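Q: Sharing a model prediction with you, sequence too.
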Amino acid sequence: MKFNFQQGETLLIDKPKGMTSFDVVKKVRSHIHAKKVGHAGTLDPMATGLLVICTGRATKTIDQYKDLPKEYTGTITLGAITPSYDAETEVSETYDVSAIDQEAIYHAAEQLTGSIQQLPPAYSAVKIGGERSYKKARRGEDVQPQPRDVVVHTFEISDLALPYVHFRIECSKGTYIRTLAYDFGRLLDNGGYLNALRRTRIGSLTVEDAWTLKGLISTIQENNSA
């Protein structure tokens, strides 16, 4: 497969766990001859799944992808909370999950479906006073992000094995799945944090059609040496 990165390419990549979205952009940029490379929607380092990267003139379409609805699958761990609302930070509080019943879990998911307001996590890239919120949080500063309106089209419980709740969520842009996990626990008078996350779809684009990063880089190198 031949690419024209300067003219513009839209690449679907299955982001591996442990890399930031910008790490992936840097990796791709280091192997192509194009000044402009950007991604259309951040995935946290612990998350995997669909990342759209645009090069050259295709970078003008990035905002179009950012505005599209997203689909995720993942796992919420009940019985604990963390400062970052996910597994990237240590558990700060624990709770007993023995009294949580199945009906309450499904009801909590229903309450978080539709148009809702949510607070971005303190450990997020939202800017507060011109600085990224996570930088302030890491310094131990009191962080107070502003609430935002989002839409959760679907919050489906796909499997239950307490303390683990497996889900599929379809949502609007700007939705923090970590915050949904935290709020989910609170609705159960308990704790919850995001233990695993995978983005499976952006609009009509699916992760099944994505390159692995290793496979993409290998193909680019073959083209460069041809």
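A: Here it is on my side, so go on. Numbering: from 1, shown residues only.
Q: and the longest strand for the protein?
A: strand 148-161 (DSSP state E).
Q: Relative to that strand, what are the paired strands and their orientations?
A: Strands flanking strand 148-161 in the sheet, each with its direction: strand 114-118 (antiparallel), strand 164-171 (antiparallel) (DSSP bridges).
Q: now, of those, which is deepest in the fold?
A: Among these, strand 164-171 has the highest mean neighbour count (mean count of other C-beta atoms under 10 Å), at a mean of 19. (Each C-beta comes from the backbone N, C-alpha and C, glycine too.)
Q: CA atoms only for that strand, dumped as PDB, please.
A: Listed next in PDB are the C-alpha coordinates belonging to strand 164-171 (Å, rounded to 0.1, in the frame of the first residue of the first chain):
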ATOM      1  CA  TYR A 164     -16.200  -5.700  38.000                       C
ATOM      2  CA  VAL A 165     -18.900  -4.200  35.800                       C
ATOM      3  CA  HIS A 166     -18.300  -4.500  32.000                       C
ATOM      4  CA  PHE A 167     -19.900  -2.000  29.800                       C
ATOM      5  CA  ARG A 168     -20.500  -0.600  26.300                       C
ATOM      6  CA  ILE A 169     -21.100   3.200  26.000                       C
ATOM      7  CA  GLU A 170     -22.000   5.400  23.100                       C
ATOM      8  CA  CYS A 171     -21.600   9.100  23.800                       C
END
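Q: Identify the residues contacting whatever helix or strand comes next after it?
A: Helices and strands here follow DSSP states H and E; after strand 164-171, the next one along the chain is helix 177-187. When contacts are taken as C-beta atoms under 8 Å, 6 or more residues apart in numbering, the neighbours of helix 177-187 outside the stretch itself are 44, 72, 74, 76, 78, 81, 84-86, 95, 107-109, 111-112, 118-121, 152, 155, 165, 169, 171, 191-194, 197.
Q: quick revisit: please name whichever of the strands paired with strand 148-161 is nearest to Lys35.
A: Evaluated over the strands paired with strand 148-161, closeness to Lys35 peaks at strand 164-171, with 33.2 Å, by C-beta to C-beta.
Q: Please work out the average pLDDT along that closest one.
A: Averaging the model's pLDDT scores along strand 164-171 yields 98.
Q: before we move on, what about stretch 87-104?
A: 95.
Q: Looking at the strands paired with strand 148-161, spot the one closest to Lys60.
A: Between Lys60 and the strands paired with strand 148-161, the shortest separation by C-beta to C-beta is 25.3 Å, and it involves strand 164-171.
Q: just how off-centre is the longest strand of the chain within its chain?
A: Distance of strand 148-161 from the chain centroid (C-alpha atoms, centre = their mean, to the nearest Å) equals 14 Å.
Q: And stretch 179-188, by the same measure?
A: Relative to the centre of its chain, stretch 179-188 is centred 17 Å away, using C-alpha atoms, centre = their mean.
Q: Repeat that for stretch 102-114.
A: Centre to centre, stretch against its chain (C-alpha atoms, centre = their mean), the figure for stretch 102-114 is 21 Å.
Q: residues of that stretch that come out buried?
A: 105, 108-109, 112-113 (16 or more other C-beta atoms under 10 Å).
Q: Who's the closest spatial neighbour of His107, skipping the chain neighbours?
A: Nearest in space to His107, with sequence neighbours left out and distances taken as C-beta to C-beta, 6 or more residues apart in numbering, is Leu187 at 7.9 Å.
Q: where in this structure is pLDDT low?
A: Within the chain, the stretches with pLDDT under 70 are 122-144, 226.
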